[in-house]
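J.: Give me a 3D structure for the following:
(chains A and B)
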There are 2 protein chains.
Amino acid sequence: MSRTLTAQLRTQIDREVTLEGWVHRRRRLSTVTFLVLRDRSGLGQVVATDPRTRTVIDSLGEETVVRVSGTVAANAAAPGGAELTDPTIELLSDPAETPALELWRPRLNVSLPTLLDHAPIAWRHPRQRAVWQVAAASLRGYRAALDQRGFTEIATPKLVGSATESGADVFVVDYFGRPAYLAQSPQFYKQVMVGVFERVYEVGPVFRAEPHDTVRHLAEYVSLDAELGYIADHRDVVAVLRDSIAAMVDAIRETPSLAELAGARLPVVPAEFPIIHFSNALQMIGADPDEPDLAPEHERAIGQWGLDTFGSEFVVVEGYPAAKRPFYTHPQPTDPRWTNSFDLLFRGLELVTGGQRLHRYRDYEAALAARGEPSAPYQGYLQAFRHGMPPHGGFAIGLERWVARLIEADNVRRTTLFPRDLHRLSP
Amino acid sequence: MSRTLTAQLRTQIDREVTLEGWVHRRRRLSTVTFLVLRDRSGLGQVVATDPRTRTVIDSLGEETVVRVSGTVAANAAAPGGAELTDPTIELLSDPAETPALELWRPRLNVSLPTLLDHAPIAWRHPRQRAVWQVAAASLRGYRAALDQRGFTEIATPKLVGSATESGADVFVVDYFGRPAYLAQSPQFYKQVMVGVFERVYEVGPVFRAEPHDTVRHLAEYVSLDAELGYIADHRDVVAVLRDSIAAMVDAIRETPSLAELAGARLPVVPAEFPIIHFSNALQMIGADPDEPDLAPEHERAIGQWGLDTFGSEFVVVEGYPAAKRPFYTHPQPTDPRWTNSFDLLFRGLELVTGGQRLHRYRDYEAALAARGEPSAPYQGYLQAFRHGMPPHGGFAIGLERWVARLIEADNVRRTTLFPRDLHRLSP
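T.: As a prediction, the model looks like this:
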């Protein structure tokens, strides 16, 4: 008999069906035994009254993989309003060793190190599972939004020949006896590919040899990158970012009760993100007008302003001073003390960095010269600008940070399948 | 005026429009000058008769980025049946240096090293661009097929703590002063995640420190991985693989004339892939029955057999001997000399490797012991099996190889945006 998923039980009342899944929980009462079965669709209740079957269930440790056949009965008290009765049970593997983590509890109340050490098992918990499904849905929504807007997906190399983009915090690889580096972002490649496809995106791993142990930084994370040409300025980039995030939220909503199960509080995405200039933001919060960047308390204050003034949990801060932005950042045409770059704050924390980039070859030469950098290591990249590049810009969203903000997690490691940091390289 | 794409010109006859793009080619005749403009949608023809405008066009090197406004006129001889007349031209950047690669020629007739050295520019060629769009469409089709079948996308770490999967050909990373390794595949992680979501997929980079210089191997490539649980055997995996490839082909067909532009010959995907057992394949081609693997000429002969017998360009060979398969491979229950593994041959070349995996903890212990390997480095992985895993299996498709077979390229580097090999680490 073909397999029925637990979520389909309610549509099979009075029929004979076969379920397959993990023994999630067992409860022996005086005359009946309940077996809660977990499969990819959720949880289903199996009720046994036959003494021999109850003895079989007694012997099945939690997480044992079984096939259960029986008759579906309506029961308003069961999950989904239906349960499997008169079960016959067959093992699909050896009996499992019951995990120390009690997956059947509503919440896994264990320390973060314990959770991470047991990640292969911990992710089986229904709430944990839903957290990652929020991430997967976000990826789906992101790609759909950009596919619809004429973007082309690209796959750029993670092994690169020079540590040019920032210099610091880069991992060195032994590449056939010479040094290579793990890409900190697809920045240069996505810009180059604007010369080919005008609008490109990439979802992939990026690597930061981050020597600090913080709740917001990982050595490896998933970056949602986009870059687009033929823009007027960075505000065209902000518009695409807004549409991408709206589509990510919509994709999460597509699965009924997913957000609730994950404990995710989904934002309303306004038709346009409120935008404030960096200099106005400093003034508004009473900070020194010469501050080169926003401190966490500044970001929180600006987030509160966006909420109070526009009812928006998103605020774009534009015009960051050049000193704190990379050399390829386009200056603000009306006042080159500032740049056409931006950060998107979500719930008072930076979620996205983006901006307009330089597009003229001579501007790159000048920018590198101004920083005292030789242009030789950049030759592959600079080819594109020598041979005609349109005004363009882009952004990068960190997947794990996005989900961490949605579920209001205290640590980005909680939203990463197998986090990597200063201390952790396994599982 | 908002921008019109060149592909939309035919719908704008007699209207005033503005195009933006790269100067793809110029041709000065005695009384008119043609300017072919390239944008993300294709090529569009601009016709100038006004002497001043013709002089402007004379000054614009190929690849200069321009905005061109004018009136659309029907012209059966123009690409798409329409052209822009009475143009006014505005520069959107500095004039470009004309590339040495003549992008306007129907084919880029340059050596492979020249092509790769100039990749940032070479990908702008319409045919090259289409080749990558075939890859991008394949990714879209792959994900859509698996999303529809209840799979969850995962993102697993590329930095791993032990070089366990094959031991050889692995890149070493300086990870905060200790060694880490670049993942050769997401194999262990995707299996572990079957314990969470039952059905998972990942599209991402994999790394092989491949010391051989061949036309089929890269140091970094894009792997399309899938893994699914609650299977009867490897043939359930083959069925999902067949559906994935059918969806990839369908997604390429979605864009009219894309395959033609890329020079891709798309296969008919049969409702079921023909399957032949490894031992029968050896017998059929007259090879030694003790051969542990198929040689290239064997694969070609089996491919020909599939074509002659079933009219199929795809053939699955199942039952490879255990000696040539990794330790997690499930034996063939009826005869443990063979395994429940398979290769998919496409046009006489191996495209995909897959199979059923072991799912019992004690089988893993025995398999590692039989190979004389300690189990300690595998503890993270083995957690999943100790705590209940269903029968499962999966496969991996190499994106660049897939596209190379479609366009019948002589070298997989032709279908990789920025290939990495023994000698090449840039651009």
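
J.: where does the stretch 201-350 of chain A have low pLDDT?
T.: Scanning the stretch 201-350 of chain A for pLDDT under 70 picks out nothing.

J.: Can you give me the distance of the nearest residue to A:I285 once chain neighbours are set aside to A:G319?
T.: Distances taken as C-beta to C-beta, 6 or more residues apart in numbering or on different chains place A:A301 nearest to A:I285, at 4.6 Å, with adjacent residues excluded. Any C-beta I mention is one placed from the backbone N, CA and C, and that applies to glycine too. Distance, A:A301 to A:G319, by C-beta to C-beta, to the nearest Å: 17 Å.

J.: Of the two, give the one with the bigger neighbour count.
T.: The residue with more neighbours, out of A:A301 and A:G319, is A:G319; 22 against 18, by other C-beta atoms under 10 Å in any protein chain shown.

J.: Surely the more buried one is in contact with A:H277?
T.: Yes: counting by C-beta atoms under 8 Å, A:G319 touches A:H277, with 4.5 Å between them.

J.: residues bridging contact with the two, i.e. touching both?
T.: Here A:G319 and A:H277 share the contacting residues A:W338, scored by C-beta atoms under 8 Å, 6 or more residues apart in numbering or on different chains.

J.: Bridged to A:E202, which residues?
T.: A:D225 (DSSP bridges).

J.: show me the residues around it that make contact.
T.: Contacts here follow C-beta under 8 Å, 6+ apart; on that basis A:E202 touches A:E153, A:I154, A:A155, A:T156, A:P186, A:K190, A:S223, A:D225.

J.: same thing but at 10 Å, please
T.: By C-beta atoms under 10 Å, 6 or more residues apart in numbering or on different chains, the residues touching A:E202 are A:151-156, A:185-186, A:189-190, A:193, A:223-227, A:396.

J.: With A:A180 instead?
T.: A:157-163, A:171-174, B:171, B:173, B:219-220, B:420, B:425-426.

J.: Does it fall in a helix, a strand, or a coil region?
T.: strand (DSSP: H, G, I helix; E, B strand; the rest coil).

J.: What score does it have for pLDDT?
T.: Here the pLDDT value assigned to A:A180 is 96.

J.: And the helices in chain A, which stretches?
T.: All helices of chain A, identified by DSSP state H, fall at A:51-58, A:112-117, A:119-122, A:126-148, A:187-197, A:234-254, A:258-262, A:278-284, A:296-310, A:361-370, A:379-386, A:399-406.

J.: and the third one, what does it pack onto?
T.: Right, helix A:119-122. Applying 3 or more C-beta pairs under 10 Å, 6 or more residues apart in numbering or on different chains; DSSP states H and E, one finds that helix A:119-122 contacts helix A:112-117, helix A:126-148, helix B:187-197, helix B:379-386.

J.: Could I get the buried residue list for the second one?
T.: Of the residues in helix A:126-148, A:128-146 count as buried by neighbour count, 16 or more other C-beta atoms under 10 Å in any protein chain shown.

J.: For whatever residue of the stretch 251-400 of chain A ends up closest to chain B, list the residues it contacts.
T.: Ranked by C-beta to the nearest C-beta, the top residue of the stretch 251-400 of chain A for proximity to chain B is A:G380, at 2.6 Å. Listed by C-beta under 10 Å, 6+ apart, the contact set of A:G380 reads A:160-162, A:164, A:188-189, A:192, B:117-120, B:418, B:426-427.

J.: swap in A:E272?
T.: Applying C-beta under 10 Å, 6+ apart, the residues near A:E272 are A:R235, A:V238, A:A239, A:R242, A:F310, A:S312, A:F314, A:V316.

J.: From those residues, list the buried ones, please.
T.: With burial judged by 16+ other C-beta under 10 Å, the buried subset of the contacts of A:E272 is A:R235, A:V238, A:R242, A:S312, A:F314, A:V316.

J.: which pair in those residues spans the largest distance?
T.: A:R235 and A:S312 (16.2 Å; C-beta to C-beta).

J.: List the contacts of the closest residue to A:G150 other than its chain neighbours.
T.: Among residues not flanking A:G150 along the chain, A:R199 sits closest, at 5.3 Å (C-beta to C-beta, 6+ apart). When contacts are counted by C-beta under 10 Å, 6+ apart, A:R199 touches A:146, A:149-152, A:193, A:226-231, A:240, A:392, A:394, B:40.

J.: Could you do A:L368 as well?
T.: Counting by C-beta under 10 Å, 6+ apart, A:L368 has contacts A:T164, A:F327, A:Y328, A:P374, A:S375, A:A376, A:P377, A:Y378, A:L382.

J.: Could you do A:V317 as well?
T.: Contacts of A:V317 by C-beta under 10 Å, 6+ apart are A:274-278, A:280-282, A:294, A:298-299, A:302, A:306, A:341-345, A:350.

J.: Now with 6 Å, please.
T.: The contact partners of A:V317, taken as C-beta atoms under 6 Å, 6 or more residues apart in numbering or on different chains, are A:I276, A:F278, A:A281, A:D343.

J.: what does A:R357 give?
T.: So A:R357 contacts A:Y328, A:H330, A:H392, A:G393 (C-beta under 6 Å, 6+ apart).

J.: cool, and A:L345?
T.: A:L345 touches A:E299, A:I302, A:G303, A:V315, counting by C-beta under 6 Å, 6+ apart.
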